[in-house]
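Undergrad: fold the following.
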Amino acid sequence: YIISKANMLIMYSYYKDNILYLENDIHLIPEKLYNELDIPEKAKLLIFNDYFNYNKKNVSITFFEDLINLDSYKIKEDLIPLKSEDKKNILNKFILENKDKLENFYLLTEEEKIFFINYFYHQILEKIIKKYPENWMLIHERWKKQPENFSNLYK
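TA: Numbers count the residues shown, from 1 in each chain. Sure thing, here's the model as predicted:
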């Protein structure tokens with residue numbers, strides 16, 4: 001996508017009544033999905049990406065408590081919680097410094113585009129798994145026990 005700007009077609013399969021179905025009706029159009037996000041949400045995701053993928057640890061991890069539950073992360077220097085006004089200041093400063101990038105998908109760096117494409121892909125994958133959870137559990141290697149009268153998928 002990054003080079004050709006072509007839309008991506010997501011294909012997946014699922015079993016229903018012992019029949020295998022193949023679906024290909026989901027299009028992943030990163031620019032469109034990016035434009036549907038509001039500016040603060042894009043900014044939070046970019047800050048999140050910077051923090052976890054590039055190790056730019058200039059923002060306290062408590063900044064992300066509204067974005068994602070990070071209770072399992074224990075970072076000593078980040079134990080002091082940020083006040084709500086501090087979070088707003090960090091977000092507003094980031095938005096001002098990155099205004100063009102937040103308004104135009106094509107101004108993102110290649111790494112940032114990859115981050116957003118993965119973010120959108122995982123949202124689609126989550127919807128598919130929620131729609132057909134029994135199929136995910138059947139083929140995922142952690143679930144090696146198959147239902148009776150069902151062909152073994154690991155042969």
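
Undergrad: K16: neighbour count?
TA: Neighbour count for K16, taken as other C-beta atoms under 10 Å: 10. Glycine gets a C-beta too; all of them are placed from N, C-alpha and C.

Undergrad: tell me how far the spatially closest residue to it that is not a sequence neighbour lies from K88.
TA: Spatially, and ignoring its direct neighbours in sequence, K16 is nearest to Y132 (7.9 Å; C-beta to C-beta, 6 or more residues apart in numbering). According to C-beta to C-beta, to the nearest Å, Y132 stands 40 Å off from K88.

Undergrad: residues of the longest helix along the chain that come out buried?
TA: For the chain, the helix with the greatest residue count under DSSP state H is helix 110-131. Buried residues in helix 110-131, counted by 16 or more other C-beta atoms under 10 Å: E112, K113, I114, F115, F116, I117, Y119, F120, Y121, I124, I128.

Undergrad: low pLDDT regions in this protein?
TA: 1-4, 54-83, 137-155 (pLDDT under 70).

Undergrad: how about the helices in it?
TA: Along the chain, counting by DSSP H, helices occupy 30-36, 39-53, 84-97, 99-103, 110-131, 133-139.

Undergrad: save these as CSV, and put in distance to M11 too.
TA: CSV is the format used below for the helices of the chain (distance: least, C-beta to C-beta, whole Å):
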stretch, distance to M11
helix 30-36, 17
helix 39-53, 26
helix 84-97, 36
helix 99-103, 31
helix 110-131, 10
helix 133-139, 14
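
Undergrad: I19 is nearest to which of these?
TA: Nearest of these to I19, taken as C-beta to C-beta: helix 133-139 at 11.9 Å.

Undergrad: report the contact partners of the nearest residue to E23 once chain neighbours are set aside.
TA: Computed as C-beta to C-beta, 6+ apart, the closest residue to E23 that is not its neighbour in sequence is Y12, at 5.5 Å. By C-beta atoms under 8 Å, 6 or more residues apart in numbering, the contact list for Y12 reads L22, E23, I26, I128.
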